[in-house]
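Undergrad: heads up, no residue letters with this:
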């Protein structure tokens, strides 16, 4: 069953002895996203310069810090352990993971668009082209599959193709 992620260092599925990561990825923003954030912060100088150049500079610094914090805080993580899969805020026991497929290029665009099921759990970033679909086999979960952006789809596939270990 899908659950909110357990914070690192706490007890629960993410903190057990068999929780050595098989795969771990952060979906960090690309360079151009940081450039847009820097340009937005610089625009604050232009907006506030008529009032005061000092106010413009201070406002730009505050905007740059705020945008950097927001970009870092909103960066999702994909984590695969022996017993658990975490994608962004959601996590599920690996025994409920079914077929996993990777898509790139036009196929990835189709999965994110016309072929997307509206009830799927989505963790996609526009600056990352490849996506992976992960079938959910838990009968009590209404989510048919998860779709997630990843920069390393083949490594994620390999980590999920290994058999899951049961929690005792």
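TA: Looks like it came in fine. The shown structure was predicted, so the numbers you read here are calculated from the model rather than taken from an experiment.
Undergrad: Least confident secondary structure element in this structure?
TA: Here the helix or strand of the chain ranked lowest by mean pLDDT, DSSP states H and E is strand 3-4, holding a mean of 49.
Undergrad: mind listing what the nearest residue to residue 48 once chain neighbours are set aside touches?
TA: Using Cβ to Cβ, 6 or more residues apart in numbering and skipping residues adjacent in sequence, the residue nearest residue 48 is residue 56, 3.8 Å away. All C-beta spots, glycine's among them, are computed from the backbone N, C-alpha and C. Applying Cβ atoms under 8 Å, 6 or more residues apart in numbering, we find residue 56 in contact with 44-49.
Undergrad: One more: residue 146?
TA: Contacts of residue 146 by Cβ under 8 Å, 6+ apart are 87, 90, 120-123, 133-134, 136.
Undergrad: Restricted to buried residues, select those residues in PyMOL.
TA: The PyMOL selection below is limited to those of the contacts of residue 146 classed as buried (16 or more other Cβ atoms under 10 Å):
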select buried, resi 87+90+121+122+123+133+134+136
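Undergrad: rewinding a little: sheet partners, orientation included, of the helix or strand just after the least confident helix or strand of the chain?
TA: Remark: after strand 3-4, the chain's next helix or strand is strand 23-26, criterion DSSP states H and E. When pairs are called by DSSP bridges, strand 23-26 turns out to pair with strand 77-80 (antiparallel).
Undergrad: all helices for this structure, in order.
TA: 31-48, 53-73, 105-112, 153-161 (DSSP state H).
Undergrad: wouldn't residue 149 be in contact with residue 122 here?
TA: No - using Cβ atoms under 8 Å, residue 149 is not in contact with residue 122; the gap is 9.3 Å.
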